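**Student:** sequence and predicted structure are below.
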Amino acid sequence: MRHQFDGIIPPDPTNAVADDDDAKRLGQYLFFDSGLSSDGNQSCATCHKPEFGFADPFPLSTALDVTTRHTPTLTNVVVNRWFYWDGRCDTLWCQAASPLETPGEHGTNRLAVAHHIHETDALHEAYVSIFGPLPGLDDADRFPPNARPVVDDETHPEHIAWETMTEDDQVAATTVFVNVAKALAAYERDLIQMNARFDTLLRSFNEGDETGGDALSLSEKRGASLFVGEGMCWACHSGPGFTNKEFHNIALPSVEGIDNASGGRYDGINALLTNPFNSLGAFSDDRSDASLKLTYLVQSPEETGAYKTPGLRNLLDTAPYMHGGHFETLTEVVQHYNQMDDRPVIGHREELLLPLFWTDQQVADVVAFLESLQSDPIDPALMVQPTTPY
Amino acid sequence: MRLYRIIALSTLIAACGSGASDSGHHAHDDGGANLPSDFDPTTELTAHGGAITISYTTDPAPIPESALFSITFTVSEGATVVGADATMPTHGGHGMTVEPQVTDNGDGTFTATPFEFHMPGYWVIHALVTDTSGTEERVDFDVDCCE
């Protein structure tokens, strides 16, 4: 029953507004707000398209530039422990913040975000009702229109502007920026889709029906049997989200447009530990849980070329698959595991993975099972921008 | 409960003649269902020629899958636990994603935390135990993860 969702959304004590209804509404409004971009044309929904499971139907997304990895879904994102394919964030609000200042994605900066909130009446009103007063953003000497720390380029105009600010004002501006991200995260926590026919089967088991009832077809049941039997897929795809939330190297083939020799999780840990928006950072609302998770994290060579195990729910919405959009169809995905004849570009393959030599019918059965993990659509009201942010 | 009802499903399908698998295939090494023949889930072992007894409990118990937990070791008088770790021997010996630290509780018990078994299957908990002379010995506890 490890795959059964109990309806309990994991808490996030690092985000004080994670479950605040007003923050959720503000976050939903901001999710579709292209004012959070340098050209006024990019929003979170540009890449995380609601009509495509809050993912992207292309292997790589196009915002200000082409992204370097496939856009993962945000449905059921709340079950994750780590965020991004390489786990460079350990809070959802860290993940929500990062694209805003990524030059090829939203391409904006925290001062521009703060000014946008301050100068847009509806956002100003919503923000202060949730987070309290904004800093003195009308003072352009203290709060320049565009500024952010640019760690790898201190000659960048936005970094130069950042350096003109006092430390207190830097913290104040960053706090506004982080609060925007926390509102976005609060909204994303509501994007839950975990009521598939497979869950109906599990409920049948709970009620004593050893056959699992008629929720799944015979092919889907055969696929389920292979998934938990000789396929051992559940070793990594476990839990209500069908992910163990950790990282594995599954020897994917090279594809165009991404760094196939990236260190994956190994590099992600470096980014995670130095990220000011991690759960141990100054902007976290509760660091107690993080002390074990981050303090004792191991950076092992085993994690070279490893990427986060994606969930397996609602896959019909989120093709293509894998961190580079490697596979267009679920049949291709299952055949990759079935054949397991690629050498990893970097690192070494998860030891559990060996060729399965399944027949075409067995592959089809597993695909059918995966498709049975499709849930009813998310509430349409959550898929559009509300008329107001409050 | 470890998917016993899914296994029942497998049995049902096999009984219907639909054949969940054919001969000649190569099942994944699950490290769990295929435990070593000498698998022993005991929580108490001896070391240093029997001079030292070491046992353990976990918090929470039973060990959760993909969640942090602690292990408290209880040892004979004069013994010390100086290190602890865990690996999956049938998965190339890969370890956990966290590195536990050991704390001497001062009462003959030692708490190592955090542990996390991020995959189900056969794990081995390793405890490094010293005797009164300071000689180290590794003690290995078999675990079938998880409930």
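**Tutor:** Nice, thanks for sending it over. Numbers count the residues shown, from 1 in each chain, chains lettered A, B, ... in the order given.

**Student:** so in terms of bridging, what pairs with B:M88?
**Tutor:** Bridge pairing for B:M88 (DSSP bridges) gives the partners B:H94.

**Student:** and it, how many neighbours does it have?
**Tutor:** If you count neighbours by other Cβ atoms under 10 Å in any protein chain shown, B:M88 ends up with 25. All C-beta atoms are positioned from the backbone trio N, CA, C, and that covers glycine.

**Student:** before we move on, what about A:G132?
**Tutor:** 9.

**Student:** now do A:H124
**Tutor:** Number of residues near A:H124 (other Cβ under 10 Å) recorded here: 16.

**Student:** return the distance of it relative to chain B.
**Tutor:** 41 Å (Cβ to the nearest Cβ, to the nearest Å).

**Student:** give me the buried positions along the helix or strand containing that residue.
**Tutor:** Using DSSP states H and E, the element containing A:H124 is helix A:121-131. Neighbour-count burial for helix A:121-131, with 16 or more other Cβ atoms under 10 Å in any protein chain shown as criterion, is recorded at A:123-124, A:126-127, A:130-131.

**Student:** pipe the residues you listed into a markdown table and attach distance to B:T97 and pLDDT per row.
**Tutor:** Shown next, in a markdown table, are the buried residues of helix A:121-131 (distance: Cβ to Cβ, whole Å; pLDDT from 0 to 100):
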| residue | distance to B:T97 | pLDDT |
| --- | --- | --- |
| A:L123 | 39 | 98 |
| A:H124 | 43 | 98 |
| A:A126 | 39 | 98 |
| A:Y127 | 37 | 98 |
| A:I130 | 35 | 98 |
| A:F131 | 34 | 98 |
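
**Student:** sorry, back to before: how distant is the helix holding A:H124 from the center of its chain?
**Tutor:** How far helix A:121-131 lies from its chain's middle: 26 Å, per Cα atoms, centre = their mean, to the nearest Å.

**Student:** check stretch A:250-268 too.
**Tutor:** Worked out by Cα atoms, centre = their mean, stretch A:250-268 lies 18 Å from the chain centre.

**Student:** check stretch A:376-388 too.
**Tutor:** Distance of stretch A:376-388 from the chain centroid (Cα atoms, centre = their mean) equals 19 Å.

**Student:** so, low pLDDT: which residues of the chain?
**Tutor:** As the question left the chain open, I've gone with chain A. Residue ranges of chain A with pLDDT under 70: A:1-2, A:4, A:290-291.

**Student:** correction: the question concerned chain B.
**Tutor:** For chain B, the ranges with pLDDT under 70 are B:1-34, B:147.

**Student:** if you set the cut-off to 90 instead, what comes out?
**Tutor:** Confidence mapping of chain B against pLDDT under 90 gives the ranges B:1-36, B:65-67, B:89-95, B:119-121, B:132, B:146-147.

**Student:** tell me where chain B has helices.
**Tutor:** B:4-15 (DSSP state H).

**Student:** all strands of it, in order?
**Tutor:** Counting by DSSP state E, one finds strands in chain B at the ranges B:44-47, B:52-59, B:69-75, B:80-88, B:94-95, B:101-104, B:109-115, B:121-130, B:136-145.

**Student:** A:T75 contacts A:N314, doesn't it?
**Tutor:** Yes: counting by Cβ atoms under 8 Å, A:N314 is a contact partner of A:T75 at 5.7 Å.

**Student:** now do the shared contacts for the two.
**Tutor:** The contact sets of A:T75 and A:N314 overlap at A:53, A:193 (Cβ atoms under 8 Å, 6 or more residues apart in numbering or on different chains).

**Student:** for B:I63, which non-adjacent residue is spatially closest?
**Tutor:** Distances taken as Cβ to Cβ, 6 or more residues apart in numbering or on different chains place B:C146 nearest to B:I63, at 5.2 Å, with adjacent residues excluded.

**Student:** what about the one you found, neighbour count?
**Tutor:** B:C146, neighbours per other Cβ under 10 Å, totals 20.

**Student:** A:W358 now?
**Tutor:** For A:W358, the neighbour count with other Cβ under 10 Å is 23.

**Student:** and what of A:Q385?
**Tutor:** Residues within reach of A:Q385, counting by other Cβ under 10 Å, total 14.

**Student:** now do the contacts for it.
**Tutor:** Contacts of A:Q385 by Cβ under 8 Å, 6+ apart are A:28-29, A:31-33.

**Student:** of the residues you listed - the most surrounded one?
**Tutor:** Result: A:F31 is most packed of the contacts of A:Q385 (other Cβ under 10 Å), 26 neighbours.

**Student:** for chain A, what spans make up the strands?
**Tutor:** Using DSSP E, strands in chain A cover A:247-248, A:307-308.

**Student:** what's the most buried one of these?
**Tutor:** Among those, strand A:247-248 has the highest mean neighbour count (mean count of other Cβ atoms under 10 Å in any protein chain shown), at a mean of 25.

**Student:** tell me the strands beside it, with direction?
**Tutor:** strand A:307-308 (antiparallel).

**Student:** which ones are touching the closest residue to A:V113 other than its chain neighbours?
**Tutor:** Using Cβ to Cβ, 6+ apart and skipping residues adjacent in sequence, the residue nearest A:V113 is A:F177, 5.2 Å away. Residues in contact with A:F177, defined by Cβ under 8 Å, 6+ apart, are A:97, A:100, A:110, A:113-114.

**Student:** tell me how many other residues crowd B:T135.
**Tutor:** The number of residues packed around B:T135, counting by other Cβ under 10 Å, is 10.

**Student:** now do the contacts for the closest residue to it other than its chain neighbours.
**Tutor:** Nearest residue to B:T135, sequence neighbours excluded (Cβ to Cβ, 6+ apart): B:H48, at 7.0 Å. Taking Cβ under 8 Å, 6+ apart as the criterion, B:H48 is in contact with B:79, B:129, B:131, B:135, B:137.

**Student:** got it, and A:E332?
**Tutor:** Contacts for A:E332 (Cβ under 8 Å, 6+ apart) come out as A:Y321.

**Student:** list the buried ones in stretch A:35-55?
**Tutor:** Buried residues in stretch A:35-55, counted by 16+ other Cβ under 10 Å: A:35-37, A:42-50, A:52-55.

**Student:** among those residues, which lie within helices?
**Tutor:** Residues of those located in helices (DSSP H): A:44-47.

**Student:** tell me the one of those nearest A:D286?
**Tutor:** Among these, A:C44 lies closest to A:D286 (Cβ to Cβ), at 24.7 Å.

**Student:** before we move on, the earlier item: need the strands of chain A in a markdown table (columns: distance to B:P41).
**Tutor:** Converted to a markdown table, the strands of chain A look like this (distance: least, Cβ to Cβ, whole Å):
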| stretch | distance to B:P41 |
| --- | --- |
| strand A:247-248 | 26 |
| strand A:307-308 | 31 |
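
**Student:** which one of those lies nearest to A:A261?
**Tutor:** Nearest of those to A:A261, taken as Cβ to Cβ: strand A:307-308 at 13.0 Å.

**Student:** give the contact list for A:D169.
**Tutor:** Counted by Cβ under 8 Å, 6+ apart, A:D169 has contacts A:135, A:142-143.

**Student:** brain fart, B:F115
**Tutor:** With contact taken as Cβ under 8 Å, 6+ apart, B:F115 is in contact with B:58, B:63, B:68-71, B:84, B:86, B:96, B:98, B:100, B:125.

**Student:** repeat that with 10 Å
**Tutor:** Contacts for B:F115 were tallied using Cβ atoms under 10 Å, 6 or more residues apart in numbering or on different chains; they are A:296, B:58, B:63, B:67-71, B:84-86, B:96, B:98-100, B:123, B:125.

**Student:** what about the closest residue to A:C44 other than its chain neighbours, distance to A:E188?
**Tutor:** Counting by Cβ to Cβ, 6+ apart, A:C44 lies nearest to A:F31, which is 4.6 Å off, once chain neighbours are set aside. Noted for A:F31: a distance of 8 Å to A:E188, by Cβ to Cβ, to the nearest Å.

**Student:** try B:E137
**Tutor:** 50 Å.

**Student:** these two: which is more packed in?
**Tutor:** Using other Cβ under 10 Å, the more surrounded residue of B:E137 and A:E188 is A:E188, with 26 against 15.
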